[in-house]
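Student: Quick one, structure for this:
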Amino acid sequence: MMTNETFEVKQAIKNLSDLTEAHINEFDTQLLPDLDNQTTSRNRAFSKMKESVDKFMREITEVEGEDTIREIQEEIVPAVKQLMVQNMGLESKIRECKTQLEAGMKRINFGRKAINGYGATALMGQNSNKVIAITN
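Tutor: I've put the predicted structure just below:
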């Protein structure tokens, strides 16, 4: 059965899936993807999908029998499960990016401390007398 509502739900799921896949691919093609923009656009696509599913469920339960509903669920549920798998893949990419950023920040902070340490030693050497301790 292919009603207009079924088509809208499938299209909304496909749109969210395509968007999520594009966002996953951005981690391979960009140094640092715009996570804020990604989140906003996925939230919008998710809201549209939810609205489509809600509308579909209202329409279908009023008109169709349980067998038809079950058939339609068998078409839609795997697509939603695939979205969940994609989302886990995206979460993994985000965690990996976060870990790399944290490691980079630690290296930068370590380098900054080292440079500051060398700077202080160099200044002390220029402006102060050297003391040599001799002990017997």
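Student: CA only for contacts and neighbour counts going forward, please
Tutor: OK.
Student: on contacts alone, who are the packing partners of the helix-or-strand element of the chain with minimal mean pLDDT?
Tutor: For the chain, the helix or strand with the lowest mean confidence is helix 66-127, at a mean of 82 (criterion: mean pLDDT, DSSP states H and E). Based on contacts counted as 3 or more CA pairs under 8 Å, 6 or more residues apart in numbering; DSSP states H and E, the elements that helix 66-127 packs against are helix 4-29.
Student: List the buried residues in the helix it packs on.
Tutor: Taking 16 or more other CA atoms under 10 Å as the neighbour-count basis, helix 4-29 is seen to contain the buried residues 5-6, 8-10, 12-17, 19-21, 23-24, 26-27.
Student: As CSV, could you dump the C-alpha coordinates of stretch 52-70?
Tutor: Output for stretch 52-70, consisting of C-alpha atoms alone and laid out as CSV, is shown next (Å, rounded to 0.1, in the frame of the first residue of the first chain):
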residue,chain,number,x,y,z
SER,A,52,5.1,12.9,9.0
VAL,A,53,5.1,9.8,11.2
ASP,A,54,2.6,11.4,13.6
LYS,A,55,0.3,12.5,10.7
PHE,A,56,0.6,9.0,9.1
MET,A,57,-0.2,7.2,12.4
ARG,A,58,-3.3,9.4,12.9
GLU,A,59,-4.5,8.8,9.3
ILE,A,60,-3.7,5.1,9.1
THR,A,61,-5.3,4.0,12.4
GLU,A,62,-8.6,5.7,11.5
VAL,A,63,-8.8,3.9,8.1
GLU,A,64,-6.8,0.8,7.9
GLY,A,65,-6.8,-2.6,9.6
GLU,A,66,-4.1,-4.1,11.7
ASP,A,67,-2.7,-6.2,8.8
THR,A,68,-2.1,-3.1,6.6
ILE,A,69,-0.6,-1.3,9.5
ARG,A,70,1.8,-4.2,10.2
